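**Student:** Attaching a predicted model along with its sequence, questions to come.
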Amino acid sequence: DSGVTQTPKHLITATGQRVTLRCSPRSGDLSVYWYQQSLDQGLQFLIQYYNGEERAKGNILERFSAQQFPDLHSELNLSSLELGDSALYFCASSVDGGSAEAFFGQGTRLTVV
Amino acid sequence: AQKVTQAQTEISVVEKEDVTLDCVYETRDTTYYLFWYKQPPSGELVFLIRRNSFDEQNEISGRYSWNFQKSTSSFNFTITASQVVDSAVYFCALSEAWRDDKIIFGKGTRLHILP
């Protein structure tokens, strides 16, 4: 158990809908990362927050947004969902930024039908 | 720009054989961090090792060893006396921590250990 909790584990929704994925980092970790893993794209970095502020941004679509709350948990919002958004979404946390190892949650498997 | 290349998409070896997974990285920074992660069939990502750019010492942990060579921008991972439980996808990753903190992953190498 990495100590990073992601909910829900599975999510099935229809195209055009909006969903929210939640991540609770390990106790003491200030940094949260979001990744998308699909079969053809591998692990794609989406966005990183550090102590509530956005620190780094990857190839995150405009339909996607995230935030980190004062209690350090984070949410990833995906809207106007398309079939191609079906993937495994991972959250990871680390004590600091990219210099420290990141520990991953078990992921949320999103299926858009 | 930072980039990680794992040229081996899939490897199959027979149990007890040694196997090396290759990782080549690109970075403009002199300070950076390299990682290896394992993703077993159950799907979770498990951290294996972190190495900073100033530490070129090779590391051994049980049957696992890592060879970091800055001259060739490589950070290879060797499993000695492989076991079926080593079957997984292995990812190499890079962070230019002084630039923007993101950790970029290679596309992974799927390793099959055959009994």
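**Tutor:** Ah, there it is.
**Student:** residues touching residue 96, list them.
**Tutor:** I went with chain A, as the question did not name one. Contact analysis of A:Asp96 by C-beta atoms under 8 Å, 6 or more residues apart in numbering or on different chains lists A:30-31. (C-beta placed from N, C-alpha, C; glycine too.)
**Student:** could you do chain B instead?
**Tutor:** A:98, B:2, B:27-29, B:31-32.
**Student:** need those in CSV with distance to B:Gln83 and neighbour count, can you?
**Tutor:** Below are the contacts of B:Glu96 laid out as CSV (distance: C-beta to C-beta, whole Å; neighbours: other C-beta atoms under 10 Å in any protein chain shown):
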residue, distance to B:Gln83, neighbour count
A:Gly98, 32, 28
B:Gln2, 33, 18
B:Thr27, 33, 20
B:Arg28, 39, 9
B:Asp29, 36, 14
B:Thr31, 36, 14
B:Tyr32, 32, 21
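**Student:** and the least confident of these?
**Tutor:** Taking pLDDT as the measure, the contacts of B:Glu96 have their low point at A:Gly98 (67).
**Student:** just the strands in chain B please.
**Tutor:** In chain order, chain B shows strands spanning B:3-5, B:10-14, B:19-21, B:24-26, B:33-39, B:46-52, B:59-61, B:64-69, B:74-79, B:88-95, B:103-105, B:109-114, with DSSP state E as the criterion.
**Student:** quick one on the thing from earlier: quick check: the farthest pair among the contacts of B:Glu96?
**Tutor:** A:Gly98 and B:Arg28 (14.7 Å; C-beta to C-beta).
**Student:** Which residue comes closest to residue 53 once chain neighbours are left out?
**Tutor:** I went with chain A, as the question did not name one. A:Gln68 (7.6 Å; C-beta to C-beta, 6 or more residues apart in numbering or on different chains).
**Student:** if you could check chain B rather than the one you did, that'd help
**Tutor:** Nearest non-adjacent residue to B:Ser53, counting by C-beta to C-beta, 6+ apart: B:Tyr32, 4.7 Å away.
**Student:** hmm, the helix or strand of chain B with the lowest mean pLDDT touching chain A?
**Tutor:** Scoring the helices and strands of chain B by mean pLDDT, DSSP states H and E places strand B:59-61 at the bottom, with a mean of 88. No - contact of strand B:59-61 with chain A (C-beta under 8 Å from any C-beta of the partner chain) is absent, the minimum separation being 13.7 Å.
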